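Peer 1: Below are the sequence and a predicted model; questions follow.
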Amino acid sequence: MNETIVCVVGNVATQPVYRELAAGPSVRFRLAVTARYWDREKSAWTDGHTNFFTVWANRQLAVNVKASVEVGQPVVVQGRLKVRTEVRDGQQQWASADIDAVAIGHDLSRGTAAFQRAARPETQPTAPRPEPNWETPRPADPAAEAAEPSQPQQTREPALVT
């Protein structure tokens, strides 16, 4: 609920590593994001500090990243930011910034791409389930039926559920 959602534009810094896990496919790669700014003294654009993120993708996104993304390509990544800090045995404290990706795509401001829809995995056919009975039965009110015995019984329309 209270997650930090980020959109990061950068270059793929490492070859994506693909794994088949019990929970489904997963892929990870490092993303380099370099800030650029206008240097008034030089009258030119200058590179600033470079931040590195580990990008994680799962399920179908992982399969598509494996087939589409290579080192050096400019990409746009949107997902949940997770920053971890750890202290290793006898070493100083270090921080890691991970992005649990929701969407990944090529940065089209720096090149072109040809989109190809991924084939859906074939699923096993499931046994047909019987249609549920959506009809609502008429409430039984013995006093009302005794008061109007000559009236023909009305049938109630089935309730529509949307």
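Peer 2: Okay, I see it.
Peer 1: where does this protein dip in pLDDT?
Peer 2: Within the chain, the stretches with pLDDT under 70 are 1, 121-127, 129, 131-139, 141-162.
Peer 1: all strands of it, in order?
Peer 2: 5-12, 17-21, 24-39, 44-58, 74-87, 93-106 (DSSP state E).
Peer 1: What residues are bridge-paired with residue 101?
Peer 2: residue 79 (DSSP bridges).
Peer 1: For the residue lying closest to residue 3 once chain neighbours are set aside, give its distance to residue 5.
Peer 2: Nearest non-adjacent residue to residue 3, counting by Cβ to Cβ, 6 or more residues apart in numbering: residue 80, 4.8 Å away. (Each C-beta comes from the backbone N, C-alpha and C, glycine too.) For residue 80, the distance to residue 5 (Cβ to Cβ, to the nearest Å) stands at 6 Å.
Peer 1: Now the common contact residues for these two.
Peer 2: Taking Cβ atoms under 8 Å, 6 or more residues apart in numbering as the criterion, residue 80 and residue 5 both touch residue 102.
Peer 1: How about the contacts made by the spatially most central residue of the chain?
Peer 2: Nearest to the mean C-alpha position of the chain, by Cα atoms, centre = their mean, lies residue 102 at 3.2 Å. The contact partners of residue 102, taken as Cβ under 8 Å, 6+ apart, are 5, 61, 78, 79, 80.
Peer 1: Isn't the second one up against residue 100?
Peer 2: Yep, that's residue 61 we're talking about. No. Counting by Cβ atoms under 8 Å, residue 61 sits too far from residue 100 to count as a contact (10.4 Å).
Peer 1: these two touch, right, residue 69 and residue 105?
Peer 2: No. Using Cβ under 8 Å as the test, residue 69 is too far from residue 105 to be in contact (9.4 Å).
Peer 1: Now do the buried residues in stretch 83-96.
Peer 2: By 16 or more other Cβ atoms under 10 Å, stretch 83-96 has no buried positions at all.
Peer 1: quick one: contacts of that stretch?
Peer 2: Under Cβ under 8 Å, 6+ apart, the answer for stretch 83-96 is 54, 97, 98.
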